[in-house]
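Colleague: this one's structure only:
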């Protein structure tokens, strides 16, 4: 409650919060809001020449090259993209946190092995790895989410590892040890909270990149399978028509941008509000 | 003030200087009407406790205030007849380093670690004097010679980490003086140094002042340093100069109450001569128990070695012996003072005694040897032995409320259930002189002294018999320090605590200890009762240590 109140006081955070909630609500209520079936290739969705229709009163945001309503596709695409952006990205951050904190705290052989494995994963081109994984497994939304999580945790792990190593050397951790605190307590009560700002920043920054990574995979045919829409594949399907039908790229692009920005604003505000060391400093 | 200005015109003259801090709540005055003159060839000490505005004053003179948060509101700073407050950035750059040079507290952080000493020195010389490289290097060598650095030619090619703290500070002074400034601004130049090194640096500064004819503004919290160095003293409190005058007059006839308190709080070496234990602070407490027959802590042949052999996947580190063959005993109700300079192994000994770092030898706490015990087996022993660290802010988790921090040992050891816990925390806070409502606040909301009280409360939560206090008052202001020491003495008297009191400060050790051990290079050089060690030191080094402590009495200057 305190968090929400503090957030409402900051205009930027408030804006972000409204957009995030609006996007979530639209994604959940997509079947109720969507004017058309997102996969329906409508006869009157194309001009007589077979070109997509620009935005009009009939098709709010216009239609795509197959005569499907863009607005409806964006609504349903939000479901896919949010799953990728939130779930896949969330898993990536969680795995990165876990690996990083463990190797930073334990050091020794376990830490070295974990970090070398992380380096190995970093050395692979992420896209290649994703292609191999997606090709081996039958592509579906959840598989794509897993694949994205699998290639995105490494950066988080690296950063968390470095931060943890710094934290472990701090006096208050030594003080905890002298009190007799166990490893579990030190790791999760004292080190983890200090890593939350990093996790929040990475989590929110990662939303945009993962949405676009999903689009790349879809473009290569190993992501979300057509005709299921996602924000990324809407852009990729139509980018070659950018000159003739700019709305097909502009609207989904703007939505990705707005959503990523809003998550960022909320994340930033959250980071400050949850930081007790900022209390009483205005 | 006119009383003290001599006929000659002052080098630096500050009038009614006011500085504001920008805070979210609006502007707040941090310097109020600061005025003083610095005469040619004079040493002016600005003394005060942390937060009194000493450093803001020096940064204002250099025009180096962080623009976003601090701003000169009014007043004038005149160097000769040049007004500095409205000087352009460009013009100010030639004043900095050229006319006014600064020496900072921490020589390691104020030298660039990746540039050699020679390059850093010549850079400053070339910047201000426009000399060519060859000549600049000659001047650099000359300067290193002037600050008495051994092998000056080799030092030019070395990097800051290859020099000791004292040598680094000598390099900083050489750099500051290389352009023959009119004013040398030294902000706590010896605070980070060992006491024997401090004595050398202070002596050097006096010599150089004569040689180079510079005036010195010396900012310090240490009244001992003031007494050694100052011609005149300005005492600051809460952003104002509350008293200034000649050193002798100020020390012998302080006018302001605060000055008197400040001088009274300075621990004086030898103040407790002729008594056996520390002064008793709680008359109502029953006399200390007769020392128990079995000591709380026995240390036999303690050895700690840093470094590790090279192993698969890991680089090895050369092994260094940090503590060698240290043995001592400690009984309840007694304090063993462990004194030594940095690198003497005193802190390492303290950590090893609590099993926080690996060691060889025997450490018996309450009769049980802790050598080789795992974390789980150490758990019950931690209840009897606790530690208080040097920096109370660093040793409290900044993201944890104070109440939760103090309750933590109770939770870890399962000592109190949820309901009792709050009562215990409140009781502990009261015990160390804080209000129970402190529990819901966070460490950054407290002052240094209060934070150390919180750390003491946390250590007391387990009702230990032994407390290792590692430089526990080193980070505190002198008046706060005295109160925290009194608290620790009172707790010892009422609870029969045994302290292993680690400090570099001879006066503090003298005040707190029953027995004293002097350490150097990982070994105990001399150990005995406080009386034996302080009144009749046997070891050469102990005598040197005691002689190097600056005495807060200007009539007693040792350095000429």
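Modeller: Good, I have the coordinates. Predicted, not measured: the structure shown is a model, and the values here were computed from it. Numbering: from 1, shown residues only, chains lettered A, B, ... in the order given.

Colleague: now the helix or strand where residue A:193 lies: how far from the chain's centre is it?
Modeller: Assigned by DSSP states H and E, residue A:193 belongs to helix A:192-219. In terms of C-alpha atoms, centre = their mean, to the nearest Å, the centre of helix A:192-219 is set 5 Å apart from its chain centre.

Colleague: For residue B:391, which residues are in contact?
Modeller: A:171, B:475 (C-beta atoms under 8 Å, 6 or more residues apart in numbering or on different chains). From N, CA and C alone the C-beta is placed, and that goes for glycine too.

Colleague: Next, it: secondary structure please.
Modeller: Classification of residue B:391 by DSSP: H, G, I helix; E, B strand; the rest coil places it in coil.

Colleague: where's it relative to residue B:339, distance?
Modeller: Relative to residue B:339, residue B:391 is positioned 19 Å away (C-beta to C-beta, to the nearest Å).

Colleague: now residue A:196
Modeller: 42 Å.

Colleague: and what of residue A:192?
Modeller: Distance of residue A:192 to residue B:339, given as C-beta to C-beta: 39 Å.

Colleague: Quick check on those two: which one has the bigger neighbour count.
Modeller: Neighbour tally, residue A:192 and residue B:339, criterion other C-beta atoms under 10 Å in any protein chain shown: the higher count belongs to residue B:339, 27 against 18.

Colleague: Any part of the helix or strand harbouring residue A:175 near chain B?
Modeller: Per DSSP H and E: residue A:175 is located in helix A:171-179. Yes - Helix A:171-179 is in contact with chain B by C-beta under 8 Å from any C-beta of the partner chain, via A:171, A:172, A:174, A:175, A:176, A:177, A:178, A:179.

Colleague: Contact partners for residue 41?
Modeller: Here I'm looking at chain A. Shown in contact with residue A:41 (C-beta under 8 Å, 6+ apart): A:66, A:67, A:68.

Colleague: Actually, chain B is the one I wanted.
Modeller: For residue B:41, the contacting residues are B:209, B:213, B:214, B:215, by C-beta under 8 Å, 6+ apart.

Colleague: From residue B:116, how far off is the third one?
Modeller: Residue B:214 sits 26 Å away from residue B:116, going by C-beta to C-beta.

Colleague: more neighbours, these two?
Modeller: More crowded of residue B:214 and residue B:116, by other C-beta under 10 Å: residue B:214, with 23 against 16.

Colleague: Show the model's pLDDT score for the one residue in the stretch 51-200 of chain B that gets nearest to chain A.
Modeller: Ranking the residues of the stretch 51-200 of chain B by distance to chain A (C-beta to the nearest C-beta) places residue B:69 first, at 12.0 Å. pLDDT recorded at residue B:69 is 82.

Colleague: Can you name the residues of the stretch 1-150 of chain A sitting close to chain B?
Modeller: Counting by C-beta under 8 Å from any C-beta, the positions of the stretch 1-150 of chain A adjacent to chain B are A:109, A:112.

Colleague: Report the closest residue of the stretch 1-150 of chain A relative to chain B.
Modeller: Counting by C-beta to the nearest C-beta, the stretch 1-150 of chain A gets nearest chain B through residue A:112, at 5.2 Å.

Colleague: Can you tell me the number of residues neighbouring that residue?
Modeller: Neighbours of residue A:112 (other C-beta under 10 Å): 15.

Colleague: Centre of the chain to stretch B:542-560, how far?
Modeller: So, by C-alpha atoms, centre = their mean, the centroid of stretch B:542-560 is 18 Å from its chain's centroid.

Colleague: Quick check: helices, which of the contacts of residue B:41 are part of them?
Modeller: Members of the contacts of residue B:41 lying in helices (criterion: DSSP state H): residue B:209.

Colleague: so where is chain B shaky, pLDDT-wise?
Modeller: B:1-7, B:281-293, B:308-318, B:558-560 (pLDDT under 70).

Colleague: Outline the domain layout of it.
Modeller: Domain ranges of chain B: B:2-99+B:182-264, B:106-180, B:297-306+B:318-548, per automatic domain parsing.

Colleague: from those domains, which stretch is densest packed?
Modeller: Mean neighbours per residue, mean count of other C-beta atoms under 10 Å in any protein chain shown, is largest over those for domain B:297-306+B:318-548, with a mean of 20.

Colleague: Do me a favour and get the end-to-end distance for that one?
Modeller: End-to-end distance of domain B:297-306+B:318-548 (C-alpha to C-alpha, to the nearest Å): 31 Å.

Colleague: residues from chain B in reach of chain A?
Modeller: So chain B meets chain A at B:23-25, B:313-314, B:351, B:354, B:356, B:375, B:378-379, B:382-383, B:386-387, B:389-391, B:394-401, B:408-409, B:412-413, B:442, B:444-445, B:455, B:458, B:462 (C-beta under 8 Å from any C-beta).
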